[in-house]
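In: Output the structure for:
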Amino acid sequence: MKLQVRVLEARNLPAMDLNGYSDPYVRLQLGKQRSRTKVVKKNLNPKWADDFSFGVDDLNEELVVSVLDEDKYFNDDFVGQVKVPVSLVFDAENQSLGSVWYPLLPKKKSSKKDCGEILLSICFSQKNSLLDLKSSEDHNASASRSLEFGLESPPDPSTCASPSRSEDASSQMTFAGRIAQIFQKNADVATPTPSISKSIDASDPSEITKPIFSLELSEDESTPASFEEVMKAMEAKDQGNEPPCNLPGGVLVDQLFMISPPELNTLLFASDSSFYTSLSELQGTTEVQIGQWKLENEGESVKRVVSYLKAPTKLIKAVKGTEEQSYLKADGEVYAVFACVSTPDVPFGGTFKVEMLYCVSPGPELPSGEKCSRLVISWRLNFLQSTMMKGMIENGARQGLKDSFEQYANLLAQNVNPVDSKDIGLNKEQVLSSLQAEPQSDWKLAVQYFANFTVFSTFLIGVYVFVHMVFAIPGAIQGLEFNGLDLPDSVGEFVVSGVLVLQCERVLKLISRFMQARKQKGSDHGIKAHGDGWLLTVALIEGVDLAAVDASGHCDPYIVFSSNGKTRTSSIKFQKSNPQWNEIFEFDAMADPPSVLNVEVFDFDGPFDEAVSLGQAEINFVRSNISDLADVWIPLQGKLAQACQSKLHLRIFLDHTGSGDVVRDYLNKMEKEVGKKMNVRSPQTNSAFQKLFGLPREEFLINDFTCHLKRKMPLQGRLFLSARIVGFYASLFGNKTKFFFLWEDIEDIQVLPPTLASMGSPIIVMTLRPGRGMDARIGAKTHDEEGRLKFHFHSFVSFNVAQKTIMALWKAKSLTPEQKVQAVEEESEQKLQSEESGLFLGVDDVRFAEVYSLTLPVPVSFFMELFGGGELDRKAMERAGCQSYSCSPWESEKDDVYERQTYYRDKRISRYRGEVTSTQQKSLVPDKNGWLVEEVMTLHGVPLGDYFNLHLRYQMEELASKPKTTYVRVYFGIEWLKSSRHQKRVTKNILVNLQDRLKMIFGFLEKEYGSKQVT
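Out: Here you go, the predicted model:
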């Protein structure tokens, strides 16, 4: 039995966002079945018209319909909900409640908040068999046309009929209607909306004979239009919103092409474009059906549906896919298309959808004058239901999309010439040579600056007073006057004297400001950089909509650029809110690559007054592609700038002018401060490092260390150090943690003494500056009131080498030249001579193999005391050769999952008797008759110990056939962090010792249980 639900619309929803609107969507749940509608942006009276079908096993269940407001950065806000008992629908006339407005209720019953109303149509559907296959030729023709067009649809809730009228309904139903009702496929249908709050009258023959789907569109349905008309309609309705950000799953394509944005948009998305056909032939896709673009919601949105049959792969057979595409933005220059792909026939296909975002935007200006476009395609997975196979689905989708869009980009490059980013950099001099500073005449600027009411009125008053002095006769000395001092003789004279003084003061200030500004003008403009190294060149073109802070309605702006402790200042533009500069600034060559360029706009207000900031911006070279900065508009931050939407037009170039090896030269400098030989990493290692954190190609890895990140619970991972960033990556039990911040963000680094919580290891505490590194707050231990994040790292394999490397890089990058000092020690206590260059592999899954299994005559509860942290746990570890054993208490990580840390010195797992730190996680097995314990171990003080992590998995289940008997299986795997030619030798050594240790521990456990039973 199926429960059909149509979510039609809602009205009078409360505003949940600061802009006075909401982004509502509806979530439906019946038992464990869940579904949701699409999101309607910025609407308090949204319309959905989405159909859903739920299987009903228990009439005592309730259909829960919740309305939520989508939030981009935080959890979605709850708006209201309504609960409908399934039994109420079953007992209703014709088993249908019709279309009814339901009031939305708040979470708290005591609340009297008005949450709006929602219009739902709910009924039970009955599957009808084909009672009469003898239909007219018209019916057969209609069915063949419908099947040819691929129209497949479920029964509309508004047309649900009771069993008593099924015979009458089936006798009048078309053949195509019966076919669609049998197959029960999901698609949008065009049916008349029934009257509100009333069920369908069973005696109305027009409703019974209405086909389940129709080729005719009603007035409310979307209408197809030509692609050119659709684009013109979108451009006319565009409100100048910012283009959407890339989706968090990652970027699949990021390429520049020698074509204008409108032409590239037409090539990719026009219905008559041959590109999609060529792509289908290349990828082996068949049965492609491309729908027409349709205007919906009175032209507010544009959508189309593309269906196809994907070619089979080695693992998956050919499956049908449906792609819903909709335009988010189209203003003639920037185009954004959102695509939602459904593949229900793949394994677990009903639990997720693949979402992609295509962004077409103008590229940088080319020296040839031709227009170019930038195409960026990003993706993410939207899980509709929770599933244990989430990690596997993500990995499979990522690899499949990567291969598919690699073919996509190659085919597009064959149709449109791509732009090489190197060509943009080579034309730097040509681009900058076209900039010419506007000639500034002192007399012209003086006239423009002093031509205002203040100067004019002061001049007139001065002339008037001078003429009065010529014609007036001096009066007699009276009162407190004496020769040389003439005081006002009345209130009127006193007021006039005060006005004259104030006017003269204002004019003198204007003259002083003008003279000081002329001295300051453009002192840094046109100065050539000196030296070899990283050369930063900034071309300041113009400013737009700068805040007016003067009484005249204008400002006197100038700009200060700063990077790596060096500054450059532009000239002052008098009385302009949209100034033109066309000035070029070069920073002296820097030994260290710059991380950020700070830009701040000031209003000049005299030599002694504090300058007013009109806005500021930060350009992060680590997070930006340098080719994208060749021609960029930078929005300014700050109250005044955001109120006026101020922007600066800049052209930024960063290149290295030295003739030597940049990486080798930098490492040689660091070696002197660290006191340790540093090897140049391979191109493969650097490439993996750049992809892991999404860094530009010029970023290179200096060193990486295995360590623990201390938060609520220690997290084992790797700390990566480069010339500009500190990054951390961990993958534990399928949960990945990744973040990075800049060296300039660090305010202080301290070393704390060892504690029990840090497993006897010193702790390196990095404190960031207030408000900095907020993207990395997921890894912070604390966040103080002043906005400082603190990160705690401990349990390094070689603490001295890690500490010296971190301190040397921080001092070289973050401190000023006056604050830089040499490292205190020149040699580390222990030099690790590495035979091989390590290759970072970090993201591969560990392969487990069963290494030990046995049946023990002990109950599972007693066996788990082996991991309980008590006396039995300690004795068993000591019997196995573990000394100085300590462990933390079990703490709840999430529902039914607990985690703890252990530390000991092990003389059996390796002949070198190294130290071991491990993280253990335990959880109940699905049938609740046993436990699963997973352990990740790190070896310290062992040759090649930082090359791998050990993974163990203990699975304990109580046998139903034998009470108080436990069946134990132990799985083993090695996660290689770096490549080594000794992998087989190391694995064999560890495996032999591990099997002996397990045999000894389990034998001791059996004896202990037997002795307890005897006593």
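
In: For the rest of this, base every contact and every neighbour count on C-alpha atoms.
Out: Will do.

In: Geometric centre of this structure: which residue is closest?
Out: residue 248 (4.1 Å; Cα atoms, centre = their mean).

In: Which helix or strand contains it?
Out: Secondary structure assignment for residue 248, by DSSP states H and E: no helix or strand.

In: Which residue, other than its chain neighbours, is closest to it?
Out: residue 380 (6.0 Å; Cα to Cα, 6 or more residues apart in numbering).

In: Parallel or antiparallel, which strands does the helix or strand harbouring that neighbour pair with?
Out: In this assignment (DSSP H and E), residue 380 forms part of strand 373-383. In the sheet containing strand 373-383, the strands it pairs with under DSSP bridges are strand 250-257 (antiparallel), strand 352-362 (antiparallel).

In: Can you convert the ones you listed into TSV and add a column each for mean pLDDT?
Out: Formatted as TSV, these follow (pLDDT from 0 to 100):
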stretch	mean pLDDT
strand 250-257	84
strand 352-362	91
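
In: just those: most buried one?
Out: Of all those, strand 352-362 carries the top mean neighbour count, a mean of 22, counting by mean count of other Cα atoms under 10 Å.

In: Now do that strand: distance to the chain's middle.
Out: On the basis of Cα atoms, centre = their mean, to the nearest Å, strand 352-362 sits 14 Å off its chain's mean C-alpha point.

In: Then stretch 731-746?
Out: 14 Å.

In: Please work out the average pLDDT along it.
Out: Averaging pLDDT along stretch 731-746 yields 87.

In: Compute the first-to-last residue distance for that stretch.
Out: The first and last residues of stretch 731-746 sit 25 Å apart, counting by Cα to Cα, to the nearest Å.

In: Okay, buried residues for the strand holding residue 380 please.
Out: Using 16 or more other Cα atoms under 10 Å as the test for burial, strand 373-383 gives 373-381.

In: send the alpha carbons of that strand over as PDB?
Out: The C-alpha trace of strand 373-383 is given here as PDB (Å, rounded to 0.1, in the frame of the first residue of the first chain):
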ATOM      1  CA  SER A 373      36.300  33.100 -20.300                       C
ATOM      2  CA  ARG A 374      37.000  31.100 -17.200                       C
ATOM      3  CA  LEU A 375      35.100  27.800 -16.700                       C
ATOM      4  CA  VAL A 376      34.900  26.400 -13.200                       C
ATOM      5  CA  ILE A 377      33.000  23.200 -12.400                       C
ATOM      6  CA  SER A 378      32.700  22.100  -8.800                       C
ATOM      7  CA  TRP A 379      30.700  19.300  -7.200                       C
ATOM      8  CA  ARG A 380      29.300  17.800  -3.900                       C
ATOM      9  CA  LEU A 381      27.300  14.800  -2.700                       C
ATOM     10  CA  ASN A 382      23.900  15.500  -1.200                       C
ATOM     11  CA  PHE A 383      22.900  12.500   1.000                       C
END
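
In: Can you name the next helix or strand after that strand?
Out: helix 390-415.

In: now the angle between helix 390-415 and the strand holding residue 380, please.
Out: Interaxial angle of strand 373-383 relative to helix 390-415 (axes from the mean of the first three to the mean of the last three Cα atoms, to 10 degrees): 160 degrees.

In: hey, what's residue 791 bridged with?
Out: Residues in a beta bridge with residue 791, per DSSP bridges, are residue 766.

In: Now do it against residue 1013, distance only.
Out: Distance from residue 791 to residue 1013, by Cα to Cα: 50 Å.

In: more crowded one of these two?
Out: Counting neighbours by other Cα atoms under 10 Å for residue 791 and for residue 1013 shows that residue 791 has the greater number, 22 against 8.

In: Provide a list of residues in contact with that one.
Out: 709-710, 765-767, 779-782 (Cα atoms under 8 Å, 6 or more residues apart in numbering).

In: Including distance to residue 699 and neighbour count, could these go into a markdown table?
Out: Supplementary listing: the contacts of residue 791 in a markdown table, determined by distance: Cα to Cα, whole Å; neighbours: other Cα atoms under 10 Å:
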| residue | distance to residue 699 | neighbour count |
| --- | --- | --- |
| 709 | 24 | 27 |
| 710 | 27 | 21 |
| 765 | 25 | 18 |
| 766 | 22 | 19 |
| 767 | 23 | 21 |
| 779 | 22 | 20 |
| 780 | 24 | 21 |
| 781 | 27 | 17 |
| 782 | 29 | 16 |
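
In: what about the longest helix in the chain?
Out: As assigned by DSSP state H, the longest helix anywhere in the chain is helix 983-1014.

In: if we can go back for a sec, residue 273 is nearest to which of the strands paired with strand 373-383?
Out: Closest approach to residue 273 among those (Cα to Cα): strand 352-362, 16.5 Å.

In: For the stretch 251-400 of the chain, which residues score under the pLDDT cut-off?
Out: Applying pLDDT under 70 to the stretch 251-400 of the chain flags residues 298-299, 314-315, 367-369.

In: ok, now with 80
Out: By pLDDT under 80, the low-scoring segments of the stretch 251-400 of the chain are 296-300, 312-317, 364-370, 386-388, 391, 395.

In: of the strands paired with strand 373-383, which approaches residue 84 most closely?
Out: strand 352-362 (26.4 Å).

In: Can you pull out the residues in contact with that closest one?
Out: Applying Cα under 8 Å, 6+ apart, the contact partners of strand 352-362 are 246-247, 260-261, 264-265, 333-343, 371-385.

In: Could you list the domains of this structure?
Out: What the TED database lists as the domains of the chain is 2-125, 228-426, 444-518, 521-656, 662-814, 849-1012.

In: Can you give me every residue that contacts the residue nearest to residue 248?
Out: Residue 380 is in contact with 247-250, 354-356, counting by Cα under 8 Å, 6+ apart.

In: Assumed residue 506 was part of a helix.
Out: Yes. Assessed with DSSP: H, G, I helix; E, B strand; the rest coil, residue 506 lies in a helix.

In: Can you list phi and psi of the closest residue to it other than its chain neighbours for me?
Out: Take residue 506 and drop its neighbours on the chain: the residue closest to it by Cα to Cα, 6+ apart is residue 454, 7.7 Å away. Dihedral angles of residue 454 (phi, psi; degrees, to the nearest 10) stand at phi -60, psi -50.

In: and residue 454, how many neighbours?
Out: Residues within reach of residue 454, counting by other Cα under 10 Å, total 15.

In: For it, give its distance to residue 604.
Out: 18 Å.

In: what about residue 589, which SS state?
Out: Per three-state DSSP, residue 589 ends up strand.

In: Look at it and report its pLDDT.
Out: pLDDT recorded at residue 589 is 75.
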